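> need coordinates for the following:
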Amino acid sequence: MSNNEFNKNEDALKMAWSFIRQKLEVIAEGGGFKAAQKQREKNKLTARERIDFLLDENKPFVEIGAFAGYGMYEEHGGCPAGGTVSGIGYVSGVQCVIVANDQTVKAGAWFPITGKKNLRMQEIAMENKLPIIYIVDSAGVYLPLQDEIFPDKEHFGRIFRNNAKMSAMGIPQIAVVTGACVAGGAYLPIMSDETIMVENAGSIFLAGPYLVKAAIGEDIDAETLGGAVTHTEISGIADYKFKTEQECLQKVKSIMSKLGYFPNANFNRTKAIAPSKNNGEIFGIISEGNSKPYDMKDLIDCIIDENTFDEFKEDYGKTIVCGYARIEGWAIGIVANQRLIMKNKKGEMQMGGVIYNDSADKAARFIMNCNQKKIPLLFLQDVTGFMVGSRSEHAGIIKDGAKLVNAVANSVVPKITIIIGNSYGAGNYAMCGKAYDPRFIYAWPSAKIAVMGGEQAAKTMLQIQVAGMKAKGLTVSPENEKELLDKITDKYTAQTKPEYAAARLWVDAIINPADTRMLIAESIAACNHNPEIAEFKTGVFQV
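Numbers count the residues shown, from 1 in each chain. Now for the predicted structure:
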């Protein structure tokens, strides 16, 4: 690659990340400046300020779900970050999950995506046996959308079911009540191991003063009904009370500092070595729009410890790269789509980013090897799908693809997925998309997630719509076809963007490519907290 081409690629990807970063800065404002000011007038911190106070200095905080709800609830005034700020960080030296209601967004009310995001954070805590800290300040369910958040299996009530399950699993849960905690939401802090309340601010009750008045005619204020004094001195529901949020959060740090040491998975780790390539070089590998082939091994060299890549079956199944490596000293198995156009063992040309029979066969075998050796797996996705056509079908591409999907689905070691570029169709599944339970899944700004590429999809949908119009006796001119194609293409393209995926939590976060190595290392560190690895079984393979 020439220096000019590298610089063009670098500029394009840095610009793409700049656009994402600008959106994140707006999201970080929550309900806006005025709402934040109202918080401060009440001597209350914002959700992000509370988390900042808790976190250890000079330790990474990985925010999860910042794009949750992005562009989804405009008719309701929006729901930045799903009304919740959450992620994985360190408190008193302990890696943990933190979930904080954002009171500046609709008084912290729960939208459907809020529930989904909170369940995802609990899932991360359960899968990785990480302690979890809840900072509660919520008005409860957002009533205009109550039917989409209240009764189903993956709705609001599942939060409290998970509280009980995590308690039985021995996962520490600490709740800090900094504001309202109403109705069903009152169960979350009380089902945690320890509950801390802010005097004259935090409140916990099944029904607030207005509802109590309406239901039984009793006149009572919120503090007397369910404030910090009531619950620490009368009901005994809460464990500690303090006059300020800072004192409450300091108590959390104290509790975390006394946690015992739990067994871990003992994933192999040695002293970290810097990558062979400069971290900034990662921006120059992929072309704008991901329109040109590139060598995935160049990208791998940017994130792994220098001279640690041990490639598996290098000369076989070349459109998927497999190999063992280390990242920040952690041993890891890498499964990555190769975008170069190259010859296979028979001398036939193979398109990059496509999974062929031999590639699927190799990757399935490698995944089984990593499970045998208890080595976590990293999937680097840039896949357009499986090879199609009579030749591939006759060679049994479905059978070989099923082997790979079977191995991915039944893998018991932790899986981490990074979507670098394309993530199309069954390729998304085979390379451990969200449906295949990766412990963590991140996307670059260059990611595209869809059933198929935009051009092919738009033309397919156009053919269907035009055929339907003609069947009704309507005339479709070339101009009408072009107008319809442009409309379909624009809609489909918008749905393939990483922001669209992140808004719906198909990915945990859109990340700065320069942070890829750090995020993988932090993810493995989180996975290492869970010592329980089941026996690996794949079920029936067609051979």
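> can you give me the buried ones in the helix or strand containing residue 6?
Assessed by DSSP states H and E, residue 6 sits inside helix 3-27. Of the residues in helix 3-27, 9-10, 12-14, 16-17, 20, 23-24, 27 count as buried by neighbour count, 16 or more other C-beta atoms under 10 Å. Placement of C-beta: from N, CA and C, glycine included.
> which other helices and strands does it contact?
Identification of packing neighbours for helix 3-27 by 3 or more C-beta pairs under 8 Å, 6 or more residues apart in numbering; DSSP states H and E yields helix 498-503.
> can you list contacts of the helix it packs on?
Counting contacts by C-beta atoms under 8 Å, 6 or more residues apart in numbering, the residues outside helix 498-503 that touch it are 20, 23, 65-72, 113, 419, 443-449, 494, 507, 509-510.
> rerun that using 10 Å as the cut-off
Among residues not part of helix 498-503, those counted as contacts by C-beta atoms under 10 Å, 6 or more residues apart in numbering are 16, 19-20, 23, 65-73, 79, 82, 113, 419, 423, 434, 441-450, 493-495, 497, 506-511.
> elements contacting the helix or strand just after that helix?
Sequence-wise, the next helix or strand beyond helix 498-503 is strand 509-510, with elements assigned using DSSP H and E. Applying 3 or more C-beta pairs under 10 Å, 6 or more residues apart in numbering; DSSP states H and E, one finds that strand 509-510 contacts helix 3-27, strand 440-443, helix 498-503.
> show me where the stretch 151-300 of the chain has its strands.
Along the stretch 151-300 of the chain, the segments classed as strands by DSSP state E, counting those that start in this stretch run 173-182, 194-198, 203-205, 240-242.
> sorry, back to before: just the buried residues from the contacts of helix 498-503, in ChimeraX please.
To isolate in ChimeraX the members of the contacts of helix 498-503 that are buried, counting by 16+ other C-beta under 10 Å, one can use:
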select :16,20,23,65,66,67,68,69,70,72,73,79,82,113,419,423,434,441,442,443,444,445,446,447,448,449,450,493,497,506,507,508,509,510,511
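> just to revisit the earlier point, roughly how far out does the helix holding residue 6 sit from the chain middle?
For helix 3-27, the gap between its own C-alpha mean and the chain's C-alpha mean amounts to 21 Å (C-alpha atoms, centre = their mean, to the nearest Å).
> check stretch 524-541 too.
Between the mean C-alpha location of stretch 524-541 and the chain-wide mean there is a distance of 19 Å, by C-alpha atoms, centre = their mean.
> same question, stretch 495-508
Put simply, stretch 495-508 sits 9 Å off its chain's centre (C-alpha atoms, centre = their mean).
> mind checking the end-to-end distance for that stretch?
Between the opening and closing residues of stretch 495-508 we find a distance of 17 Å, counting by C-alpha to C-alpha, to the nearest Å.
> helix or strand: which one has the closest residue to residue 435 other than its chain neighbours?
In this structure, residue 435 finds its nearest non-sequential neighbour in residue 429, 6.3 Å apart by C-beta to C-beta, 6 or more residues apart in numbering. Using DSSP H and E, residue 429 falls within helix 425-430.
> follow-up on the earlier one: now pLDDT and distance to residue 56 too, for the buried residues of helix 3-27, in CSV please.
Formatted as CSV, the entries for the buried residues of helix 3-27 read as follows, by pLDDT from 0 to 100; distance: C-beta to C-beta, whole Å:
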residue, pLDDT, distance to residue 56
9, 96, 36
10, 96, 33
12, 96, 36
13, 97, 31
14, 97, 30
16, 97, 31
17, 98, 26
20, 98, 26
23, 98, 28
24, 98, 22
27, 98, 24
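> before we move on, the earlier item: for the residue nearest to residue 435, give me its contacts.
383, 385, 401, 404-405, 408-409, 423, 435-436.
> next one: residue 67
If you count contacts by C-beta under 10 Å, 6+ apart, then residue 67 has 20, 23-24, 27, 80-82, 443, 498-505, 507-510 around it.
> surely residue 123 is in contact with residue 437?
Yes: taking C-beta atoms under 10 Å as the definition, residue 123 is a contact partner of residue 437 at 9.3 Å.
> appreciated, that's everything.
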